[in-house]
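Q: Task: produce atomic coordinates for the following.
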Amino acid sequence: MVSPGPFKPEVIAGYKARRACEVLHKAEMLDRPKGRDAWTVNGGKSIGQVYRMHLYQVMPGEEEEGG
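A: Sure thing, here's the model as predicted:
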């Protein structure tokens, strides 16, 4: 889970939030809550709203797509 504070400047810097979330969702890196028009879920009382992301580890020597 990633809070909106670091998500916007570090994960989607330079992109519109809604469009970036759609692209990340299509790449299966971001969950969209069912029945909501928002991309965040409640992470708990002390955390607040968060983005639910799936992060993938790239092993040394693996090529990235398009590279």
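Q: Next, give phi and psi for residue 40.
A: phi -100, psi 160 (degrees, to the nearest 10).
Q: so how far is residue 37 from the nearest residue to it once chain neighbours are set aside?
A: Once flanking residues are discounted, residue 40 sits nearest to residue 49: 4.0 Å by CB to CB, 6 or more residues apart in numbering. C-beta: built from backbone N, CA, C; applies to glycine. Separation of residue 49 from residue 37 (CB to CB, to the nearest Å): 14 Å.
Q: do residue 4 as well
A: Computed as CB to CB, the residue 4 to residue 37 distance reads 16 Å.
Q: Count residues in the vicinity of residue 21, would you?
A: Look at residue 21: counted by other CB atoms under 10 Å, it has 21 neighbours.
Q: Can I get stretch 6-15 in CSV, CA atoms only?
A: This file holds the C-alpha atoms of stretch 6-15, laid out as CSV (Å, rounded to 0.1, in the frame of the first residue of the first chain):
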residue,chain,number,x,y,z
PRO,A,6,4.7,9.7,-2.1
PHE,A,7,2.6,8.1,-4.8
LYS,A,8,1.9,11.3,-6.7
PRO,A,9,5.5,12.8,-6.8
GLU,A,10,7.4,9.6,-7.0
VAL,A,11,5.3,7.0,-8.8
ILE,A,12,3.3,9.1,-11.3
ALA,A,13,5.3,12.3,-11.4
GLY,A,14,4.5,14.4,-14.4
TYR,A,15,1.3,12.5,-15.3
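Q: What residues sit buried inside it?
A: Within stretch 6-15, the residues that count as buried by 16 or more other CB atoms under 10 Å are 7, 11-12.
Q: got the contact list for it?
A: Contacting residues not belonging to stretch 6-15 are listed as 2, 17, 20-21, 24, 51, 53 [CB atoms under 8 Å, 6 or more residues apart in numbering].
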